[in-house]
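>>> Give me a 3D structure for the following:
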Amino acid sequence: MFQIKQKIMSHQDASKKSITFALLANLGIAITKTVAAVVTGSGAMLAESIHSYADSSNQGLLFWGLRAAKKKPDPEHPLGYGKEIYFWSFMVALILFSMGGLFSIYEGIHKIGMHEGLKNPGIAIAVLAVSMVFEAASLSGCLMQIKKLRHDVPLRSWYKNSRQSELIVVLGEDIAALLGLTFALIAVILSVITGNPVFDAIGSIGIGILLVIISFVLAIKIKSLLIGQSTDEETTAQIKAMLESRPEIDSIINLITFQLGPQIMVAVKAKMKNTNSVNDLVLNINKCESELKKNFPAIQWIFFEPDTE
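Here you go, the predicted model:
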């Protein structure tokens, strides 16, 4: 009854696939945008190429974080390194996004002062249009992986309750990239139609502001995980329900869950059923712990305290 449904893929598999989709798309797009920016002299295009390179670096850091989170516990880190993925996700969200955003704003302001026109705008428009197709495919791939995890839960609710910082960051990156490309395309088209390069500069500034806003939205979300957050409400409720159903337990006095990257820590204070000896009490506690780990494989640590109300 309380066994967590086995998904087609693990959470980490979904994260790796989403990151891979984004990495391949961003590397190809970044190189294409750089060539187009040099040929056309478009500030918005240059800002977008920097954004794509930053995104590619982001994916590298997320892969590193996923790998680091698998390290085994040691004396200095007795609960393991699971939360390391939160650190790298925070770095991606705050520093790289903000750096990319601030560079785009700087480039736009610089272009306004220089009044430089666009060269070969047709190339810029073609590259941006093709890039939008690739970014849309990357976003679609990310949403597909998220759907396999969230099932029928609305995307907004999944974002609110998710503890997978790396997937949250990739989703934010893909949305920012698609919106940024849209801004850049509109800016280039307006510059061509009006003959005024200031629209290209405004587009670059708009992309920068967008990146800064999204970086802070993601950073605030990940901050809660860094500080220390419980498991999602559904998992916590399932753990409590299972404990309450155990014949060894009379009642649950207190239950604390703690998300440590892909792993979970549980602390339980419970009133146990009467036993004939201390050994029987220990055996009953061991049974409860064994069943918890069997039904919730992500649980790595359980601290069980028998008490009286």
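
>>> would you list every one of the strands in the stretch 101-250 of the chain?
Assigned by DSSP state E, counting those that start in this stretch, the strands in the stretch 101-250 of the chain fall at 249-260.

>>> could you point out where it is predicted with low confidence?
Scanning the stretch 101-250 of the chain for pLDDT under 70 picks out the ranges 114-119.

>>> Now the residue nearest to P306 when sequence neighbours are not counted: phi and psi?
Using Cβ to Cβ, 6 or more residues apart in numbering and skipping residues adjacent in sequence, the residue nearest P306 is M272, 4.8 Å away. Just so you know, the C-beta spots here come from the backbone N, C-alpha and C atoms, and that holds for glycine as well. M272 adopts backbone torsions of phi -90, psi 160, taken as degrees, to the nearest 10.

>>> same question, the one 4 residues further on
Backbone torsions for N276, taken as degrees, to the nearest 10, come to phi -80, psi -20.

>>> from now on call the first residue 17
Renumbered: residue one is now 17, and that last one reads N292.

>>> in this structure, which residue is closest to the centre?
I184 (2.5 Å; Cα atoms, centre = their mean).

>>> Run through who's touching stretch 71-90.
28, 31-32, 35-36, 38-39, 42-43, 46, 95-101, 103-105, 107-108, 112-113, 116, 182, 185-186, 189, 193, 277-278 (Cβ atoms under 8 Å, 6 or more residues apart in numbering).

>>> Inside helices: which ones of those?
Among the contacts of stretch 71-90, DSSP state H puts 28, 31-32, 35-36, 38-39, 42-43, 46, 100-101, 103-105, 107, 113, 116, 182, 185-186, 189, 193 in helices.

>>> Could I have the buried ones of those as ChimeraX selection syntax?
Selection of buried members from the ones in helices among the contacts of stretch 71-90 for ChimeraX, criterion 16 or more other Cβ atoms under 10 Å:
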select :28,31,32,35,38,39,42,46,100,101,103,104,105,107,113,116,182,185,186,189,193
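
>>> Roughly how far does L234 sit from M61?
Going from L234 to M61 by Cβ to Cβ, to the nearest Å gives 25 Å.

>>> what does K237 give?
K237 is 30 Å from M61, by Cβ to Cβ.

>>> same deal with K33?
29 Å.

>>> likewise M107?
27 Å.

>>> same thing with S156?
Distance from S156 to M61, by Cβ to Cβ: 24 Å.

>>> Thanks a lot, catch you later.
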